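Q: 3D, please:
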Amino acid sequence: GRGATTGSGVGPAGGYRVGAGGGGYGGTGGGGAGLNGASAGGVSHDALAAPLAAGAAGGSASSGAVGLGGGRLDLVAGTVFTLNGDLIADGTAGVGIPNDYATGGGSGGAIVVKAAVFRGGGRVRANGAAGGEAPYAQAGAGAGGRIVIDAPGASGPTLEARGGVNSQGNGGAGTVLVLPAPATLTIDNGAVTAGFTPILSSIALASLTVSGGARASIASPVVITVAGATQVTGASLMRLDTTLTTQTFTLEGSSTLDHTAAVLGSRINATGDVTIGTGSTIALDGRGPPSSTGSGQGTDGGYRVGAAGAGHGGASGRGSGLNGTTAGVTSADSALLPVELGSGGGAAGSSPGGAGGGAIVIDTSGRIVVDGTITAAGANGSGTPNDYASGGGAGGTVDLRAGLGFAGAGPVSALGGTGGGVPSAAGGGGGG
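A: Okay, the predicted model is just below:
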């Protein structure tokens, strides 16, 4: 609780029956809620490898004490650092003010240790704290902080930077980076699903692990290169809006990979095996452009004229109705090396067309093993009774290139969405 009360990451304030947001640092703070609305969590900030800030406070509400962020601790040992006790920079909890106000939890702080050897049975911890709770307002919890261990011989102590836990909005996981370069990066939230942990800058890593319900995001133009293994496990999520270059990639333990809607898609370049384990999913349904956008967008319909679906690998279905038809469309994307997102289906009246499917390219000199699911379907169209029907979105791109072949029994699909239907009009389906 020695962190900052102003500046980057401080949770947004709450209000009457609106809980405040939790403080953000390594991850985003949890959002607040209440009978009268919601608040966002504090943003993730500061450098991954050289954090300079302390943790951020939760948001204020009325006169209640806010949760404070953890402090910043920088320790340097010329030779051996033996830790059998604790180094702790946790946030403190927010409070509830009966019955209508709640302040946000503070984020974890920053701990940086530099030594020739780092050992022992102790703990290094920079966890976020819970937000306050009242009957009609619940504040967000603070995010985990940042831990950096710069020691060639690091082994032994437990390293933990997790978000706080709350009934409303849990704090996002912090970051644990072990140097020297190439570093190992671990984003773990202790089996609690929460907000995102953005990787904000390009870095070369020896390994990358996203686990324990954490939700990591990597956006363009950030470049992540992993010399060894990338692993997403334990019901976690990786949102990949750029290219990840790695030796091996494993998605397992009911985990998910996706990308933000309507970005250019996800790409994994690997030299070893890429494995999608049983129960895990590359989930890109409806992640393409929205209604009536994209290179193969569906033709809009009108009163008792159904809109056409969007086209991609195949031509879309036409729209029809009592007052006429709309023609199906195609896309100019390559059949051999596709790269495009699926386009949005045509709209009709106030009924938007289905969004297109997303895009994933996996290119490896090893094997691709799919025992889970890869899906990039277009979303379905809709209808407004009784006279308007929109088109389905086009399926997206799933481009798999494996030097040593394919294995596994999981489904891989990029289906077009179904067109909407009402008594007087029918929208066309999207092309796959």
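Q: CA only for contacts and neighbour counts going forward, please
A: Noted.
Q: Would you map the strands across the stretch 151-300 of the chain?
A: For the stretch 151-300 of the chain, applying DSSP state E, counting those that start in this stretch gives strands covering 153-154, 158-160, 175-179, 183-188, 196-199, 203-211, 215-219, 224-232, 237-241, 243-251, 256-258, 266-270, 274-276, 281-283.
Q: neighbouring strands for the fifth one, and are they parallel or not?
A: This points to strand 196-199. strand 215-219 (parallel) (DSSP bridges).
Q: Next: the fourth one.
A: Based on DSSP bridges, the strands next to strand 183-188 in the sheet, each with its direction, are strand 175-179 (antiparallel), strand 203-211 (parallel).
Q: what's the answer for the shortest one, then?
A: Based on DSSP bridges, the pairing partners of strand 153-154 within the sheet are strand 117-119 (parallel).
Q: Check the average confidence over the strand it pairs with, would you?
A: For strand 117-119, mean pLDDT is 92.
Q: same check, this time on stretch 54-62
A: Mean predicted lDDT for stretch 54-62 stands at 95.
Q: Give me the distance from that stretch to the chain's centre.
A: Distance, stretch centre to chain centre, for stretch 54-62: 24 Å (Cα atoms, centre = their mean, to the nearest Å).
Q: same check, this time on stretch 190-200
A: Relative to its chain's centre, stretch 190-200 lies at 8 Å (Cα atoms, centre = their mean).
Q: Would you mark the buried spots in stretch 59-71?
A: Burial within stretch 59-71, assessed by neighbour count using 16 or more other Cα atoms under 10 Å, is assigned to 59, 60, 61, 64, 65, 66, 67, 68, 69, 70, 71.
Q: centroid residue for this structure?
A: residue 239 (4.0 Å; Cα atoms, centre = their mean).
Q: That residue contacts residue 258, correct?
A: Yes: shown here, residue 239 and residue 258 form a contact pair, counting by Cα atoms under 8 Å, at 5.0 Å.
Q: which stretches of the stretch 51-200 of the chain have low pLDDT?
A: Low-confidence segments of the stretch 51-200 of the chain (pLDDT under 70): none present.
Q: change it to 90
A: 62-64, 78-79, 99, 152-156, 167-168, 181-182 (pLDDT under 90).
Q: what's the answer for the stretch 251-400 of the chain, then?
A: Using pLDDT under 90, the stretch 251-400 of the chain drops low at 262, 264, 313-314, 330-337, 339, 384-386.
Q: please redo it, this time with the cut-off set to 80
A: Applying pLDDT under 80 to the stretch 251-400 of the chain flags residues 332.
Q: ok, back up a step: just put the buried residues of stretch 59-71 in TSV and tack on distance to residue 43.
A: Formatted as TSV, the buried residues of stretch 59-71 follow (distance: Cα to Cα, whole Å):
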residue	distance to residue 43
59	12
60	15
61	18
64	22
65	20
66	17
67	16
68	15
69	13
70	16
71	17
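Q: what's the most distant pair in those?
A: Of all pairs drawn from those, the greatest distance, 22.4 Å, lies between 61 and 71 (Cα to Cα).
Q: if I look at residue 151, how far off is residue 112?
A: 10 Å (Cα to Cα, to the nearest Å).
Q: will you turn the strands of the stretch 151-300 of the chain into TSV that also has distance to residue 398?
A: Output for the strands of the stretch 151-300 of the chain, formatted as TSV (distance: least, Cα to Cα, whole Å):
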stretch	distance to residue 398
strand 153-154	41
strand 158-160	36
strand 175-179	31
strand 183-188	27
strand 196-199	25
strand 203-211	23
strand 215-219	20
strand 224-232	20
strand 237-241	15
strand 243-251	15
strand 256-258	12
strand 266-270	10
strand 274-276	14
strand 281-283	10
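Q: among those, which is nearest residue 40?
A: strand 196-199 (12.3 Å).
Q: Can I get the closest one in CSV? Just the C-alpha atoms.
A: Only the C-alpha atoms of strand 196-199 are listed here, as CSV (Å, rounded to 0.1, in the frame of the first residue of the first chain):
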residue,chain,number,x,y,z
PHE,A,196,-6.4,-8.2,-20.0
THR,A,197,-2.7,-8.0,-19.5
PRO,A,198,-1.3,-6.2,-22.5
ILE,A,199,2.3,-6.8,-23.6
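Q: Could you pull out the buried residues of it?
A: Using 16+ other Cα under 10 Å as the test for burial, strand 196-199 gives 196, 197, 198, 199.
Q: now stretch 384-398
A: For stretch 384-398, the neighbour count (16+ other Cα under 10 Å) marks 384, 387-398 as buried.
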